[in-house]
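Enquirer: sequence first, predicted coordinates after that:
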Amino acid sequence: MSHPLFKAHIERATRFQLRKPTPNKQNWDTFYKLSSNENLMGPSPRALKAAQEAILGIHEYDFYDDFEFQDVLSDYYKGELKSGQFITANSGVEVLEIICRGLVSVGSECIISSPTFSPYKNIIELEGGKVIDIPLVEPDYSWDIDGILNAVTDKTAMVFITNPNNPTGTYANKAEIDRLLDNLPEQVIVVYDEVYYHFVDADDFPYALDYVKAGRPVIGLHTFSKIYGLAGLRVGYGFTTPEIGEYLNKIFRPFRIDTVSTVAAYEALKDVEHVKASQEMVWKGKKWFYQKFEAAGIKYWPTQGNFVMFESPIPSLELTAKMLDEGVMVRPGDNFGAPGKIRLTIGNEAANERFWTVFSGLI
Ligand SMILES: Cc1ncc(COP(=O)(O)O)c(C=O)c1O
């Protein structure tokens, strides 16, 4: 990326490292960003081609509402979900904003389980909501389902379940989520953030789609930023019951998703081969890292995402700063309430090997 803005971006992105790299010490030719769980395979070539063509027409307004896109999603789900059941927006984060704008009011409570995706807190609080944290249970980072149920009051609006969870990579299984849903009062809505679902390989993983189809008060969250490799375009969607969908779709903004992003997302959905190849890359890379960590005696948490969290063998902020000097950016868990841990995106072979070479030289 040669545009000057990208250089500025990499410099700014280091703010997440919590410690700056050593000035004037950048010993690398290729920079590997393994800190944001992107797809190192890049976007689908089909999506890229469509975006390149669509960019020639960006002087025009195109998609007034997202109904064309919602129809595409409905087809993708073989008609099991209808158009109005989707909440489509500029990114998963914007879907979360729409959900909170519609469903959080001053004084309402939302339950989250930390360490988890950090923007939830801010988005809930901006709408006047109160965050109730029922942390994941160490050392496995499993869900405290009883703790969540006990924390429910008549003010509880929503429970946020991030499955698989970011940054831990751990997951709640079907029996756990069934138990949660069976015991929650009817008015409590579950925001089921499943943005990493393509990378799941566990047989007992509970998919949001099944709960929505069964009419449960669940809002699934998906994004085009992960497996589809379109993080820079910002497209995401929620899916839910017709009633919740109709209500949330009242939060409307004309031309919300831009032309380029809409057509790229459309093509990305159709490119099954790219999805498969990306899954294979991650599943292969994850096994490779497991073996490496085990051989080096480093604790890691088995993951269902395209990233793996491990215990840093040296102070985590020192590790991330030193790795940055060598052109490898990984994320300290300190950002997420998991101090001393590192979250590493599973990349392609070149990236994984570069990570390991630098990492093993530092520990
Ligand atoms: C758990 C989780 N939810 C939601 C998102 C939002 O993704 P985006 O806003 O890029 O669609 C992310 C991004 O990293 C995430 O990790």
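Expert: Here it is on my side, so go on.

Enquirer: give me phi/psi at the closest residue to the ligand within the stretch 251-363 of the chain?
Expert: Minimum separation of the stretch 251-363 of the chain from the ligand (CB to the nearest ligand atom) falls at Gly305, amounting to 8.2 Å. (Each C-beta comes from the backbone N, C-alpha and C, glycine too.) With angles defined as degrees, to the nearest 10, Gly305 shows backbone torsions of phi -110, psi -170.

Enquirer: hmm, it is touching Tyr196, no?
Expert: Yes. Look at Gly305 against Tyr196 with CB atoms under 8 Å: they come within range, at 4.0 Å.

Enquirer: mutual contacts of these two, please.
Expert: Listed contacts common to Gly305 and Tyr196 are Asn37, Pro164, Asn166; contacts here mean CB atoms under 8 Å, 6 or more residues apart in numbering.

Enquirer: can you tell me which of those residues is nearest the ligand?
Expert: The shortest gap between the ligand and any of these belongs to Asn166, at 3.9 Å (CB to the nearest ligand atom).

Enquirer: contact partners for that closest one?
Expert: Each residue near Asn166 by CB under 8 Å, 6+ apart is listed here: Asn37, Thr116, Phe117, Val195, Tyr196, Gly305, Phe307, Phe336, Arg343.

Enquirer: related to what we said a few turns ago, ok, and which of the shared contacts of Gly305 and Tyr196 reach the ligand?
Expert: Checked against the ligand using CB under 6 Å from any ligand atom, these give the following subset in range: Asn37, Asn166.

Enquirer: before we move on, back to that, how many residues are close by the residue of the stretch 251-363 of the chain closest to the ligand?
Expert: Under the neighbour criterion other CB atoms under 10 Å, Gly305 is assigned a count of 29.

Enquirer: and if you look at Lys276?
Expert: The tally of other residues near Lys276 (other CB under 10 Å) stands at 12.

Enquirer: and the residue nearest to Val358 when sequence neighbours are not counted, how far from Glu349?
Expert: Of all residues not flanking Val358 in the chain, Glu326 sits nearest, at 4.3 Å (CB to CB, 6 or more residues apart in numbering). For Glu326, the distance to Glu349 equals 18 Å [CB to CB, to the nearest Å].

Enquirer: hang on, the earlier thing: export the shared contacts of Gly305 and Tyr196 to TSV and tack on secondary structure?
Expert: Below are these laid out as TSV (DSSP: H, G, I helix; E, B strand; the rest coil):
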residue	secondary structure
Asn37	coil
Pro164	coil
Asn166	coil
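
Enquirer: follow-up on the earlier one: just the contacts of Asn166: which are in strands?
Expert: Per DSSP state E, strands hold the following members of the contacts of Asn166: Phe307, Arg343.

Enquirer: which of the contacts of Asn166 count as buried?
Expert: Of all these considered here, the ones buried according to neighbour count by 16 or more other CB atoms under 10 Å are Asn37, Thr116, Phe117, Val195, Tyr196, Gly305, Phe307, Phe336, Arg343.

Enquirer: next, format those as CSV and append pLDDT.
Expert: As requested, the buried ones among the contacts of Asn166 are arranged in CSV below (pLDDT from 0 to 100):
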residue, pLDDT
Asn37, 97
Thr116, 97
Phe117, 96
Val195, 98
Tyr196, 98
Gly305, 98
Phe307, 98
Phe336, 85
Arg343, 97
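
Enquirer: report pLDDT for Leu5.
Expert: Per-residue confidence at Leu5 stands at 74 (pLDDT).

Enquirer: oh sorry, the question was meant for Val137
Expert: The score at Val137 is 98. That number is its pLDDT.

Enquirer: then Phe16?
Expert: Listed pLDDT for Phe16 reads 67.

Enquirer: re the thing from before, what sits against the residue of the stretch 251-363 of the chain closest to the ligand?
Expert: With the criterion set at CB under 8 Å, 6+ apart, Gly305 makes contact with Asn37, Pro164, Asn166, Gly169, Tyr196, Phe199.

Enquirer: so the fourth one makes contact with Thr303?
Expert: Yes. The pair formed by Gly169 and Thr303 meets the contact definition of CB under 8 Å, at 2.8 Å.

Enquirer: give the residues shared as contacts by those two.
Expert: By CB under 8 Å, 6+ apart, Gly169 and Thr303 have these common neighbours: Met309.

Enquirer: can you pull the residues of this protein lying near the ligand?
Expert: Where the chain comes near the ligand, counting by CB under 6 Å from any ligand atom, the residues are 37, 91-93, 117, 162, 166, 193, 195, 223, 225, 231, 236.

Enquirer: pull the most distant pair out of the residues you listed.
Expert: Across those, the two members that end up farthest from each other (CB to CB) are Thr162 and Ala231, 17.6 Å apart.
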